[in-house]
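> Here is my input; please provide its structure:
(one chain, ligands or ions: 1)
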Amino acid sequence: MKVLVTGGAGFIGSHTVDKLIQEGCQVTVVDDLSTGRRENVNDQAAFVEMDVCSPALFELFAVGQFDGVVHLAAQTLVPVSLDKPDFDCRVNVLGTVNVLEACHRYGVRRVVLASSAAVYGDGVVVPAVEDAHLAPTSFYGLSKLTAEKYLAMYSQVYGLEGVALRYANVYGERQGDGGEGGVVSIFARRMARGDVLTVFGDGNQTRDFVYAGDVANANWLALVTPNISGVFNVGTASETSVNDLAHLLANAAGRPVDIQYGPPRTGDIYRSALDNRLARERLGWQPQVPLAEGLARTWQWMKEREG
Ligand SMILES: NC(=O)c1ccc[n+]([C@@H]2O[C@H](COP(=O)([O-])OP(=O)(O)OC[C@H]3O[C@@H](n4cnc5c(N)ncnc54)[C@H](O)[C@@H]3O)[C@@H](O)[C@H]2O)c1
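Alright, predicted model coming up:
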């Protein structure tokens, strides 16, 4: 199977590329390296440095004849979306439309789109179910929701098989310290450097932390499971407070933790966890890596990297 992974030099993208190659796919990565790294890309994947908004994407699709696309390339930061909504919209909405149009023109069968828990916003019953009321609190959440709707419209109008996965807070090896849900990598990096951890707000805000390898597996299943389309949550359905996360990470690292508290950030959701029954039933997916184990792996990677 020939698969294009946009954003494949990034954190989730590189785990996804590894999984696809392990499953025997022929993988091409498109990435502009704005936050991704060339060295993240598996040696067995072809790499093209390109912006997903570029018209040149069509030539790549014409040559590549891809069966499936996993579209992960995005502007991933809530604060950036609030500072530069036009940039967020360009990459996350227009970039997605460019990818979908190329898929339609060049006969791609299925597209897996990276969406986010950010589409739910605050006030939703936790853990959130897919058909909950959607009220994003940032331009990032809005651009991800808009991308989902474009995917649904391409399915409706052209019969493109579209699967949108709403990831919870993904963590694991190779996570940059800027990305959405990057609190694990930010904390791990600061601990490795012996710095104090900064928590925005009271630290009782909760997140649903899902390991990157489990997300890569969800991307794979979304690509190959027959007769599925629509939206699926990819999370553990359990909440962990940021304060508890800091202590779990300290346990994994065997180091004491020093926390300072700052003001809450605009656009941040207070509670977040994603119900995963639909993905279990329809994709046969479930999270495999418990938080303590995933944090231990992440810490090990960070320690080696930071020296
Ligand atoms: N990390 C999370 O917790 C999380 C949660 C929900 C959704 N997501 C989504 O998952 C996807 C991957 O996120 P990530 O955490 O791996 O972030 P990341 O920043 O590591 O990966 C994004 C990749 O896309 C590339 N990219 C960005 N703009 C591009 C453009 N215009 N053209 C080509 N490439 C471009 C970057 O260079 C990077 O390699 C994103 O769509 C993100 O919104 C992530």
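
> Follow the chain on from the longest helix anywhere in the chain and name the next helix or strand.
Using DSSP state H to assign secondary structure, the helix with the most residues in the chain is helix 139-158. For helix 139-158, the following helix or strand on the C-terminal side (DSSP states H and E) is strand 161-167.

> Parallel or antiparallel, list what pairs with the helix or strand just after that next one.
Of the helices and strands lying after strand 161-167 in sequence (DSSP H and E), the nearest is strand 169-171. Based on DSSP bridges, the pairing partners of strand 169-171 within the sheet are strand 209-211 (parallel).

> tell me how far the strand it pairs with is from the chain's mean position?
10 Å (C-alpha atoms, centre = their mean, to the nearest Å).

> and the closest residue to L57 other than its chain neighbours, helix, strand or coil?
Spatially, and ignoring its direct neighbours in sequence, L57 is nearest to A102 (5.2 Å; C-beta to C-beta, 6 or more residues apart in numbering). C-beta here means a position set from N, CA and C on the backbone, and glycine is covered the same way. In three-state terms, and counting by DSSP: H, G, I helix; E, B strand; the rest coil, A102 is helix.

> Restricting the selection to alpha carbons, write stretch 124-133 to PDB.
Once side chains and other backbone atoms are set aside, the C-alpha atoms of stretch 124-133 remain, and they are given as PDB (Å, rounded to 0.1, in the frame of the first residue of the first chain):
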ATOM      1  CA  VAL A 124     -18.700  19.200  27.600                       C
ATOM      2  CA  VAL A 125     -19.500  16.100  29.800                       C
ATOM      3  CA  VAL A 126     -16.200  14.300  30.400                       C
ATOM      4  CA  PRO A 127     -15.200  11.900  28.900                       C
ATOM      5  CA  ALA A 128     -16.500  13.600  25.800                       C
ATOM      6  CA  VAL A 129     -18.400  11.500  23.200                       C
ATOM      7  CA  GLU A 130     -18.100  12.100  19.500                       C
ATOM      8  CA  ASP A 131     -21.600  13.600  19.100                       C
ATOM      9  CA  ALA A 132     -21.300  16.000  22.000                       C
ATOM     10  CA  HIS A 133     -22.000  19.700  21.400                       C
END
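
> The stretch 1-150 of the chain against the ligand: which residues are in contact?
Within the stretch 1-150 of the chain, the residues that sit near the ligand (C-beta under 6 Å from any ligand atom) are 6-7, 9-13, 30-36, 51-53, 72-74, 76, 91, 95, 114, 116.

> Show me just the buried residues among the residues you listed.
By neighbour count, with 16 or more other C-beta atoms under 10 Å, these hold 6-7, 9-13, 30-32, 35-36, 51-53, 72-74, 76, 91, 95, 114, 116 as buried.

> Of the residues you listed, which belong to helices?
For those, membership in helices holds for F11, I12, G13, G95, with DSSP H as the criterion.

> Am I right that the second one is in contact with A114?
Yes. Taking contacts as C-beta atoms under 8 Å, I12 lies within contact range of A114: 6.9 Å.

> any common contacting residues for the two?
L72, Y167 (C-beta atoms under 8 Å, 6 or more residues apart in numbering).

> Can you pull out the low-pLDDT segments for the stretch 101-250 of the chain?
Flagging of the stretch 101-250 of the chain using pLDDT under 70 yields the residue ranges 178-181.
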